[in-house]
Each structure stands twice: as C-alpha cells, then as structure tokens.
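>>> 3D, please:
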Amino acid sequence: MKQFIVGLAISVVALWLAFKDMDWGAFKEALSQGNIVWIVVASVVLLSAVPLRGIRWQIFLNPIKSVPVRLTTEATIVGYFGNNALPFRLGEILRSYFVAREARAPLTQVFGTVLVERVVDMITVLVLLVLLPFVGAVPDALRLPILWVVIICIVLAIVTVWLARRTDGIPFIKGRLKPVLDNLQLGFTSLRQGRHYVVLLLTTVGVWVVYLMNIYIAQYAMGLELSIAESYLVLVTTTLVLLVPAAPGFVGTFHAAVILAFVNVLSADLARAQAIAVVLHAIGFIPYTIIGAIIYFRSHLRLREVRAQKWEPGTEADQ
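Now for the predicted structure:
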C-alpha cells in the first residue's frame, strides 16, 4: 500500500507540473490540428509490438513448457491491461497466471520468465542510452537519471548471467523461501538456449523499432517535424520515466517526460507539447486497455484467482 500511495503522489505531482501552465485555448487548437488517420496508424503500429513480445516470451518459456504464441500474445496484452487498470504493476502477475492456468505450468517458474523479460528490456535500455550521444547531445536534465540507469542495468546484467549459468538453484538461501526462489531462477535458464539467440535479438530489436516508429508517426500526426534522431530522444526520455513509481498506466509521469523532452530539449511550444503528450499516452493506453480487458473477461480470468495462489514451487496454477 505504501508503494501505491508513493506512486500515486508522484503521478499527481507530475500531472500538476505538466499541466499547471496550460493555455486551454492553445491546447485545444493543438489537439484539433492532429490527423486522426495518422494517429490510428500510430496506434496500430504500436499494437504490432505485442505479437513480437509474444514470440520472445514463448522462447523464454520453452524450458518450462511449450506454449503457442497465441497464448503468450494474449497474455501479454492482458498484462498491459492489468498494469493500466490495477496498482502495484499487477499486470505482470496477471499475465503469468494467465499462461500458467492455460498451459498447466508452474506459476512461479512462469513468473520467473517474466522477470527475465524485464531484465532483457532493462539491458536494452542500457544499449539505447549508450547510443544516445551518437544521435544528439545528451540533455542536462537526463544526465543523472542516465547514470543511475546505466549502473542499475550493469548490475542486472551481471546478476542475470550469474542466474542463467547456475544449475543448482540460488545459494545462501535456506528455509521455505529457497524452493520458491529456485523456481524463479529456473526462468533465467531460458537464456541458455543458444539456438534461439537470433530470434531473441530480432524480436527485441523489432519491439523497440516499433516503439520508435510509433513516436515518429504520432508526432507527424500532430503536425510536428521531428527527425528519427529526435524521436529517439523522446523514446529514451519516456522509457526512463517508466522506472519511476507511478499510478497505474503511468499517468502523469509519462506526460511530464514527453513535455520535458519536447519543451526543454526540442524547443516545442508548451501547448503543442502537452497535446502530443496526451495523444501519445492515449495511443498506448486506450487500445491496450480495451483489448486486454476483452481478453481478460472473455477468458473468465479473475483477479481473486490470482490472489488465491500460494505460489508453491513446482505446482501448477489452479484450473
């Protein structure tokens, strides 16, 4: 509960900072200049990242259970729905249970593969940050956050390699917690699948290219003329803010990051920056939430089922 309150407070403050100087007339005019056709195109492009993530997650799950891409794709978008509608990033647990229930796989091990996926994303962020100076000057406002993210990603990379190489669980841990952690560690063994490295690389690169093209198309739809390099800067800025605790859907923090990038770095006027922040957030939030909710309710999945799980090692999710 404390984490939720902190995240909510951060989102409220971020929303206030982002929109406290709003000129409603200029904001509405900036929104009216948006091309709805290109906004829809940007949304469709963003949705194409979901099956790419589904393919990658299926590979991570292979050592545990062979599952179809359809299942991992549906579970991924259910996870987005959970993260947008529920506190504490419960979407990650929700999608883990979705796969565990449908595939009759151990829930703890499935969740371990979700952790692997997030670590791979963090390492990808590190690569994005390393490349940032080559596409333009690093803004002063991003220097300290970038330093911390680089440190965190390096530590995560070292821990990930260590966990992937281990064959006898996690040492130094005893008692009832050890079997649970050992099951989580099994998810990291998926990184040993050398024959799948090319597909993992291609899907990971594909996901982030999709994110970049979404920003590029969305800003074009709003009448801006950013280059790919400038769109890349916006991508890095918005990705960094996802590490900050926030309300569900990253409301407020996402908007503040977009406005920071457009106003302080790209010299856009405030009203247009506020409009593009609202549009960019809506492009991801609305389709993911609606489609995820449809799959969630159609599958008769219920949050109370997830809460009832005891996360016992080696056991399958309740049917």
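>>> In three-state terms, how would residue 156 be classified?
When classified by DSSP: H, G, I helix; E, B strand; the rest coil, residue 156 comes out as helix.
>>> Hmm, it is touching residue 119, no?
Yes: the pair residue 156 and residue 119 passes the contact test of Cβ atoms under 8 Å, sitting 5.3 Å apart. (C-beta placed from N, C-alpha, C; glycine too.)
>>> These two - which one has more neighbours?
Set side by side, residue 156 and residue 119 show more neighbours around residue 119, with 20 against 17, by other Cβ atoms under 10 Å.
>>> so where does the more buried one fall, helix or strand?
If you go by DSSP states H and E, residue 119 is part of helix 107-135.
>>> so where's the stretch 151-300 of the chain shaky on pLDDT?
Applying pLDDT under 70 to the stretch 151-300 of the chain flags the ranges 169, 173-187, 192, 194.
>>> hey, where'd the strands end up in it?
Shown for the stretch 151-300 of the chain, no strands are assigned by DSSP state E, counting those that start in this stretch.
>>> My guess is residue 111 contacts residue 93. True?
Yes: proximity of residue 111 to residue 93 meets the contact threshold set by Cβ under 8 Å, at 6.8 Å.
>>> And the helix holding residue 119, what does it pack against?
Helix 107-135 sits against helix 49-61, helix 91-103, helix 140-165, helix 177-186, helix 197-221, helix 228-241, with contacts defined as 3 or more Cβ pairs under 8 Å, 6 or more residues apart in numbering; DSSP states H and E.
>>> other SSEs contacting the first one?
Just to be clear, that refers to helix 49-61. With 3+ Cβ pairs under 8 Å, 6+ apart as the test, helix 49-61 has helix 69-85, helix 107-135, helix 197-221 packed against it.
>>> Please report the distance of residue 32 from residue 223.
10 Å (Cβ to Cβ, to the nearest Å).
>>> more neighbours, those two?
Neighbours per residue (other Cβ under 10 Å) separate residue 32 from residue 223, with residue 223 holding more: 14 against 8.
>>> So for the spatially closest residue to the more buried one that is not a sequence neighbour, what pLDDT did the model give?
In space, not counting the residues next to it along the chain, residue 223 is nearest to residue 33; the distance is 4.9 Å by Cβ to Cβ, 6 or more residues apart in numbering. Residue 33 is assigned 89 on the pLDDT scale.
>>> unless I'm mixing things up, residue 33 is touching residue 222, no?
Yes: the pair residue 33 and residue 222 passes the contact test of Cβ under 8 Å, sitting 6.8 Å apart.
>>> Between those two, tell me which one has more neighbours.
residue 222 (24 against 13).
>>> I figured that one was touching residue 29, is that so?
No: using Cβ under 8 Å, residue 222 makes no contact with residue 29, being 11.6 Å away.
>>> Measure how buried residue 28 is and give me the count.
Residue 28, neighbours per other Cβ under 10 Å, totals 12.
>>> I'd like the distance from it to residue 225, if you could.
Relative to residue 225, residue 28 is positioned 22 Å away (Cβ to Cβ).
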